[in-house]
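**Student:** structure for the following, please:
(2 chains)
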Amino acid sequence: MANEGDYVERFTVSERAVHLLLFSSLIILSITGLTLKYHESWFAQSIMRLEGGVLFRGKIHRIAAVVLIATFAYHLLSIMFTRHGRDFFEHMIFRKKDLIDGADLIRYNLGLRKEKPRFDRFSSIEKLQYWVAGLAVVFLGLSGFMLWFETLFMMVFPKWVIDLNHIVHSFEATVGFLVLVVWHLYNVHLNPQAFPMNRAWLTGKISKEEMRRDHPLQYEKLFGHDKG
Amino acid sequence: MCHGKRDLRSGDASGAVRSLYINEETLRGSAHGKLTCVDCHLDVLELPHARKLKKVNCIACHSKGRTFDQGPAIEYLIYRDSVHAREQQKGNPKAPDCATCHGSHDVLSHADIRSRGYRLNIPDRMCGRCHGQALTDYRKSVHGKFTTGGDVNPPICTDCHTEHGIRRTVDPFSTVYASNIVTMCVKCHGDFSIMRRYGKNTEEVETYYESFHGVATKFGERNIAHCVSCHGYHAIKARSDPTSSINPANLPKTCGQAKCHPGATANFAKGKVHVNPKSKDSGIIYYVSLGFKWLTITVLLVLFIHIFLDFMRKLQEKRRKRS
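**Tutor:** Here you go, the predicted model:
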């Protein structure tokens, strides 16, 4: 990893580009999706009345979905076939330590533990978000695909399966949206240590101080105990 | 008088014979009973009168304020833009004018049960005289069966098509234009006090509006399923009727219309159509919806608690660092 003064690279250009595509498509998906789900609301009405109405909104939603799935496919290929990707994936896998660390984190936040659990490159929270988001993309992609080609799927499955699929897609997407907006935003941007914004997603860099505080195991692997 | 003779007839060049007999009792019992012949037949100036008389101009009397120069009655103005009037202007001999529907020498008030304009008589004695197929279909329908039995609540022809402003279905101003259909059916099917009398409620309307078809229709899309697309227009029948377009055996054909979901199979019928996720009789749909609702609430609660605790702890750390 490149060393530039007090900073270490945390996200490569490729990773930052993937993240950018990810959140851009997710924003568009959320807007176009929520306007259909909550079509009675004032913001939905104003969006729907734009040129093209309901059906155009649907086209935009599907274009953004294709972008998301392509980005996801690219990510999958990178974690399978690039060295950096495989390394990234190794650090994202849930291990027993993460469960212990997770429980310790709760105790720490409740004031029952003096020291913060010591994380490696990715904390339990970050890992949880990665897996939740990844699984959501897979399931929403599949159910979205069934909604896209509704006539075809309705010919094959009984109608109640299609109705169920509709409910699952609609609710899961809403939960995902809320988790992203509420949790991810707080964890990465709005929490007191990161406020006003953690810029790693833009610059790709993390300061050594921050690494020592939030990812001490990684810090130790890179710089050893003494530089503490 | 001459026209009181039963055998008074006229024949024209083509050989067609027309009866010129007027039953005086009928005339005297009608809404025009107190009038004399020349009150309407204004071009009869001497007797015997000319062979060819002009058609009676109803709006000579039936105008606003009852004097001709104030303009014709609103019904006539509405009629003038209708498909019937336009066909008449084109010279279509079958196109109706005032007398065709209301009669000439036998006009009775619509409140009069003998009148052809009386609500329950309209389908057979007014519209059905020309629109035979529509009448046959209507009589086979749920609406038609009830009105045959004397129920005045279900719709008759004029409830959907209006009396004077009848326009083609492709005319955007028609009450039966695609975009206007739903609003029209909702007038009764969205009114709980009417539906309650038949043991129904307004759920179909609400579930339609929540469905993708309903949302799209509400936002002005025209090539989307509306009430008529599935239920038909004149021959609307109950689901249990084997000839109904919404009978589960027939649904694949109904859903599979060329413009909609061609290739529809029997699977289309395996599940409630007007499905309401909030109603227990939607079965699994209801339970999964409910589950998701609680999942969302729980997840949000957990997240907020975590955020709160994390926030407090981080603030504490920040303060500690400063001191």
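
**Student:** could you use CA atoms for every contact and neighbour count after this?
**Tutor:** Noted.

**Student:** need the contact list for the closest residue to A:Arg118 other than its chain neighbours.
**Tutor:** Leaving aside its sequence neighbours, A:Arg118 sits nearest to A:Pro216 (CA to CA, 6 or more residues apart in numbering or on different chains; 5.8 Å). Contact analysis of A:Pro216 by CA atoms under 8 Å, 6 or more residues apart in numbering or on different chains lists A:118-120.

**Student:** for A:Trp160, which non-adjacent residue is closest in space?
**Tutor:** Closest to A:Trp160 by CA to CA, 6+ apart is B:Gly271, at 4.7 Å.

**Student:** that neighbour reaches A:Leu164, doesn't it?
**Tutor:** No. Using CA atoms under 8 Å, B:Gly271 makes no contact with A:Leu164, being 10.3 Å away.

**Student:** need the residues of the stretch 151-300 of chain B near chain A, please.
**Tutor:** Counting by CA under 8 Å from any CA of the partner chain, the residues of the stretch 151-300 of chain B close to chain A are B:215-216, B:219-221, B:261-272, B:284-285, B:288-289, B:292-293, B:296, B:300.

**Student:** out of the residues you listed, which are buried?
**Tutor:** The neighbour count (16 or more other CA atoms under 10 Å in any protein chain shown) marks B:215-216, B:219-221, B:261-262, B:264-271, B:285, B:288-289, B:292, B:296, B:300 as buried among these.

**Student:** which ones among those map onto helices?
**Tutor:** If you go by DSSP state H, those have B:215-216, B:285, B:288-289, B:292, B:296, B:300 in helices.

**Student:** can you put those in a markdown table and add pLDDT?
**Tutor:** Shown next, in a markdown table, are these (pLDDT from 0 to 100):
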| residue | pLDDT |
| --- | --- |
| B:Val215 | 87 |
| B:Ala216 | 86 |
| B:Ile285 | 90 |
| B:Val288 | 93 |
| B:Ser289 | 92 |
| B:Phe292 | 93 |
| B:Thr296 | 93 |
| B:Leu300 | 91 |
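
**Student:** would you point out the most distant pair within those?
**Tutor:** Distance extremes for those: the farthest pair is B:Ala216 and B:Leu300 at 30.8 Å, using CA to CA.

**Student:** still on that earlier bit, in CSV: the contacts of A:Pro216, plus neighbour count and pLDDT.
**Tutor:** Output for the contacts of A:Pro216, formatted as CSV (neighbours: other CA atoms under 10 Å in any protein chain shown; pLDDT from 0 to 100):
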residue, neighbour count, pLDDT
A:Arg118, 17, 91
A:Phe119, 20, 92
A:Asp120, 20, 90
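
**Student:** ok, now how distant is B:Asp97 from B:Arg129?
**Tutor:** 14 Å (CA to CA, to the nearest Å).

**Student:** do the same with B:Tyr21
**Tutor:** Separation of B:Tyr21 from B:Arg129 (CA to CA): 21 Å.

**Student:** what of B:Glu204?
**Tutor:** B:Glu204 is 34 Å from B:Arg129, by CA to CA.

**Student:** what does A:Glu220 give?
**Tutor:** To B:Arg129, A:Glu220 is 95 Å away according to CA to CA.

**Student:** with B:Ala269 instead?
**Tutor:** From B:Ala269 to B:Arg129 the distance is 38 Å (CA to CA).

**Student:** which pLDDT value belongs to the one residue sitting closest to the centre of chain A?
**Tutor:** Centroid-nearest residue in chain A: A:Ala133, 4.6 Å away (criterion: CA atoms, centre = their mean). At A:Ala133, the pLDDT value in this model is 91.

**Student:** and it, what element?
**Tutor:** In this structure, A:Ala133 sits in helix A:124-148 according to DSSP states H and E.

**Student:** ok, A:Trp160 - contacts?
**Tutor:** Applying CA under 8 Å, 6+ apart, the residues contacting A:Trp160 are B:270-272, B:285.

**Student:** closest one of those to A:Asp87?
**Tutor:** Of all the contacts of A:Trp160, B:Ile285 has the smallest distance to A:Asp87: 42.3 Å, by CA to CA.

**Student:** do you know how far that closest one is from B:Thr207?
**Tutor:** 14 Å.

**Student:** thinking again about what came up before, which of B:Glu204 and B:Arg129 has more residues huddled nearby?
**Tutor:** B:Glu204 (18 against 14; other CA atoms under 10 Å in any protein chain shown).

**Student:** the more buried one contacts B:Val273, correct?
**Tutor:** No. Using CA under 8 Å as the test, B:Glu204 is too far from B:Val273 to be in contact (9.3 Å).

**Student:** where does pLDDT dip in chain A?
**Tutor:** A:1-5, A:51, A:226-228 (pLDDT under 70).

**Student:** near residue 158, how many other residues are there?
**Tutor:** If you meant another chain, say so; for now it's chain A. Neighbour count for A:Pro158, taken as other CA under 10 Å: 17.

**Student:** wait, chain B
**Tutor:** 15.

**Student:** what's the distance between it and B:Thr136?
**Tutor:** B:Thr158 is 16 Å from B:Thr136, by CA to CA.

**Student:** kindly report the same for B:Lys200.
**Tutor:** B:Lys200 is 26 Å from B:Thr136, by CA to CA.

**Student:** of the two, who's got more company?
**Tutor:** It is B:Thr136, of B:Lys200 and B:Thr136, that has more neighbours when counted by other CA under 10 Å, with 16 against 13.

**Student:** in which helix or strand does the more buried one reside?
**Tutor:** helix B:132-140.

**Student:** do B:Met195 as well
**Tutor:** If you go by DSSP H and E, B:Met195 is part of helix B:192-195.

**Student:** what sits up against that helix?
**Tutor:** The contact list for helix B:192-195, computed with CA under 8 Å, 6+ apart, reads B:188-189, B:201-202.

**Student:** with just CA atoms, put it into CSV.
**Tutor:** Extracted as CSV, the C-alpha positions of helix B:192-195 are listed here (Å, rounded to 0.1, in the frame of the first residue of the first chain):
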residue,chain,number,x,y,z
PHE,B,192,-70.0,2.1,0.7
SER,B,193,-73.7,2.9,1.3
ILE,B,194,-74.6,1.6,-2.1
MET,B,195,-72.3,-1.5,-2.0
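
**Student:** how far off centre is that helix?
**Tutor:** With CA atoms, centre = their mean, to the nearest Å as the basis, helix B:192-195 stands 17 Å off its chain's centre.

**Student:** for it, which positions count as buried?
**Tutor:** Residues B:Ile194 are the ones in helix B:192-195 that count as buried (16+ other CA under 10 Å).
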